[in-house]
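1. Build me a structure from this.
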Amino acid sequence: MDLRQLLAVPAVLAALTVGTGCSTQDDQAEPSRSASPGGARHAVEAYVDALNSRSATGLIEVGGVKDEGWSRKEAARILADRGGKDWKIKDVRIDYDMGPDTGSAKLLAEGKAGGSLRDTFTVTREKGVRHLAFFTHQPGMNGKESSSTEEPSS
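-> Numbering: from 1, shown residues only. I've put the predicted structure just below:
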């Protein structure tokens, strides 16, 4: 090996290191909009869109829960309280304080007729899709309702 070839080896190794070191697992597959770094914001936007259009299906999708009787019932309660008010997002803050797959999102929106909507969600990523945790009455793992922490009435 002559001196030119010997000097070329470090340059080739550096190029290979840079070329492979910049790639991440997320770069290998084409991510969906909700799996991108802005995916949590997209999930918050989908939540607001579902409220504005009074879409129980939209809430169920962004909530990442099964489309069942309990989830339809809870979505209807959410829509009765917050739906159809033409919310406009004023601020969304995303913080991946619990790791790359779990974080929090804070939403501030204003309604067309006045009023404001402030929400804080846990944001999760499951199978590359971001969801917001806002369904609170999910049945337990065995299909029964979760137990209450309230004291029994006598």
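2. and Arg54, what does it touch?
-> Listed by Cβ atoms under 8 Å, 6 or more residues apart in numbering, the contact partners of Arg54 are 79, 83-84. No exception for glycine: its C-beta is placed from N, CA and C like everyone else's.
3. Asp119 now?
-> Taking Cβ under 8 Å, 6+ apart as the criterion, Asp119 is in contact with 106-107, 134.
4. Could you pull out the buried residues of the top strand by length along the chain?
-> Within the chain, and with DSSP state E defining each element, the longest strand by residue count is strand 116-126. By 16 or more other Cβ atoms under 10 Å, the buried positions in strand 116-126 come out as 117, 121, 123-125.
5. if we can go back for a sec, which of the contacts of Arg54 count as buried?
-> By neighbour count, with 16+ other Cβ under 10 Å, those hold 79, 83 as buried.
6. re earlier: could you export the following helix or strand past the longest strand of the chain as CSV, CA atoms only?
-> Toward the C-terminus, strand 116-126 is succeeded by strand 129-133 as the next helix or strand (DSSP states H and E). These are the backbone C-alpha positions of strand 129-133, laid out as CSV (Å, rounded to 0.1, in the frame of the first residue of the first chain):
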residue,chain,number,x,y,z
VAL,A,129,-49.2,6.4,16.2
ARG,A,130,-49.7,9.1,18.8
HIS,A,131,-52.7,9.1,21.0
LEU,A,132,-54.1,11.3,23.7
ALA,A,133,-55.2,9.8,27.0
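7. pLDDT of strand 129-133, averaged?
-> For strand 129-133, mean pLDDT is 95.
8. And the pLDDT at Gly114?
-> As summarised for this prediction, Gly114 has a pLDDT of 86.
9. quick revisit: could I get the buried residues of strand 116-126 in a markdown table, plus columns for pLDDT and distance to Glu74?
-> Below are these laid out as a markdown table (pLDDT from 0 to 100; distance: Cβ to Cβ, whole Å):
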| residue | pLDDT | distance to Glu74 |
| --- | --- | --- |
| Leu117 | 95 | 17 |
| Phe121 | 95 | 15 |
| Val123 | 95 | 19 |
| Thr124 | 94 | 18 |
| Arg125 | 93 | 22 |
